[in-house]
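In: using only what follows, build the 3D model:
(one chain, ligands or ions: 1)
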Amino acid sequence: MIYSSGPLPTYPLSLQAQWQDVERVFLSAQLLDWLVEPNSLTRRLKSFSQQFAVEVLSERLVDAAAYQGDIFTCDTQQVRVREVILFCDNHPMVYAQSWIPCYERAEQGVDLTHLGARPLGEVIFQDPQLSRQQLQVADFSANADLQALTQSFNLPNQPLWGRRSRFNLTGQQIMVCEVFLPGAYAYL
Ligand SMILES: C=C(O[C@@H]1C=C(C(=O)O)C=C[C@H]1O)C(=O)O
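Out: All right, here's what the predicted structure looks like:
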């Protein structure tokens, strides 16, 4: 699905934003409800649409030092950064960036390195030990990379809100950031 019509930003996109606890922001009930969705976003988007698809924008390994910060409690040298667009009925709804630490011991948890167009949520939400922690939200309106991405899809320039959280799975941790694109159900 080629939807972009304009200069594409370089990946990974910057997630530079003022991350806040959700209790500290004043938002519409609708947007808040999507931002704090505790279950799979994939599953919820599928319930709103006839056709759901994942387009992988980029998957690359980066040095953990650039991404680890205070997110992960594990030591890892490299992080796989997966960036996708989630489409509902051919409309780009969500930009997602996931950080998947590369463990030396391959048996660490479920394999998230060969997802392709399979939604990450369809895999991780099958893990009985899954827990979501450190949910934070941010306004991406001032984020140049996300603005370039929305322009590349010819989407209107309007406030962009996103969330990030750390998932603890069996044997591993991942961080997932999701930004609701203009026209997403979260803003309707
Ligand atoms: C974590 C989930 O997986 C979704 C799918 C993703 C992917 O395929 O890379 C990334 C983030 C999510 O929007 C979910 O469904 O909640």
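In: tell me which helix or strand the residue in the chain positioned nearest to the ligand sits in.
Out: Per C-beta to the nearest ligand atom, G121 is where the chain lies closest to the ligand, at 2.0 Å. Backbone N, C-alpha and C define where each C-beta goes, glycine included. Following DSSP states H and E, one finds G121 within helix 120-124.
In: wait, does the next helix or strand after that helix make contact with the ligand?
Out: Where DSSP H and E defines the elements, the next helix or strand beyond helix 120-124 is strand 131-139. No: Strand 131-139 is not in contact with the ligand by C-beta under 6 Å from any ligand atom; minimum separation 8.9 Å.
In: measure the closest residue to A186 other than its chain neighbours to S58 for me?
Out: Distance criterion C-beta to C-beta, 6 or more residues apart in numbering; nearest residue to A186, sequence neighbours excluded, is W34 at 3.6 Å. According to C-beta to C-beta, to the nearest Å, W34 and S58 sit 24 Å apart.
In: those two: which is more packed in?
Out: W34 (22 against 14; other C-beta atoms under 10 Å).
In: ok, now which ones touch the more buried one?
Out: 44, 180, 184-186 (C-beta atoms under 8 Å, 6 or more residues apart in numbering).
In: for it, helix, strand, or coil?
Out: helix (DSSP: H, G, I helix; E, B strand; the rest coil).
In: report pLDDT for it.
Out: Looking at W34, its pLDDT is 98.
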